[in-house]
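Q: Here you go, sequence then predicted model.
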Amino acid sequence: MNIKFKLFIGFFLLCVGLSAQNKMDSLYIEVNLKFNQEDFKLNSTYVSAQKDTLSFETVKFYLTGFQLEFKDKSTYSENNSYHLIDIEIPETMQFSIANHIQKEIKSIKFNIGVDSLASVSGAMEGDLDATKGMYWAWQSGFINFKIEGQSPSCKTRKNKFQFHVGGYLQPYYSMKSIEIPINKSQIPNNKINLVLDLGKLFSEIALKETNTIMIPGKEAMKIADLTTKIFSIE
């Protein structure tokens, strides 16, 4: 075995080792949906605290602006932090936000929705691509949270409910921020289990009265405010 070949093999093994180390050191977010602590599935039937029987066909939302706060009061902010979660696409339910995190994490912060700058920036790529079905137009910006389904309580065509929550212009700036304390036991294998409980959301929504929101406004803001109460870490 000549020297050049040995050097090549050594360099290759070093790269593989570094790649594995980077993967081990990455911090992952895994998003799990529930309905009143029950595992969530599309097209399954649930009963809300409002006594509405309902099923879901679409659940899509943006989680953005991830930031970690450490015990020593320093912070880490993810660059280009835009993640579109689509329950129909399993690979969107887990993503990494950081590498080589050695410090103890005190809390995690993120936004539910897309900021105003991105909303007016024109053609975008990746998760902000308009073909993802989450962009209205520059006048209204992104849909931050999209939920669609059916319920006998809805006196609409085919008993459908539709909540397209968005808006980036005051007084209807619907992006919301959330901060959740965290400890070591909640980060097994460098993974944070971020839970969204739709049961909590629909405990505050009577579908007989509110079942269709398709534009920015007061009703959209009410739903946006509710979304800050439905996330937790388990």
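A: Thanks, I have it.
Q: ok, which stretches of the chain are helices?
A: 3-25, 116-119, 198-202, 218-227 (DSSP state H).
Q: what's the least confident stretch among those?
A: Here the lowest mean pLDDT among the helices of the chain goes to helix 3-25, at a mean of 48.
Q: helices and strands around the longest strand anywhere in the chain, which ones?
A: Counting residues, the longest strand found in the chain (DSSP state E) is strand 53-70. Using 3 or more CB pairs under 8 Å, 6 or more residues apart in numbering; DSSP states H and E as the contact test, the elements touching strand 53-70 are strand 27-35, strand 45-47, strand 75-77, strand 82-86, strand 94-98, strand 105-112, strand 141-150, helix 198-202. (Glycine included, C-beta is placed from N, CA and C.)
Q: With respect to Gly126, which of those lies nearest?
A: strand 82-86 (6.9 Å; CB to CB).
Q: Dump the C-alpha coordinates for that closest one into CSV.
A: What follows is strand 82-86, C-alpha atoms only, in CSV (Å, rounded to 0.1, in the frame of the first residue of the first chain):
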residue,chain,number,x,y,z
TYR,A,82,-38.0,29.0,8.7
HIS,A,83,-39.6,25.6,9.1
LEU,A,84,-42.9,24.6,7.5
ILE,A,85,-44.5,21.8,9.4
ASP,A,86,-46.9,19.7,7.3
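Q: which secondary structure elements does that strand contact?
A: Helices and strands touching strand 82-86, by 3+ CB pairs under 8 Å, 6+ apart, are strand 53-70.
Q: residues of the strand it packs on that come out buried?
A: 54, 56, 58-69 (16 or more other CB atoms under 10 Å).
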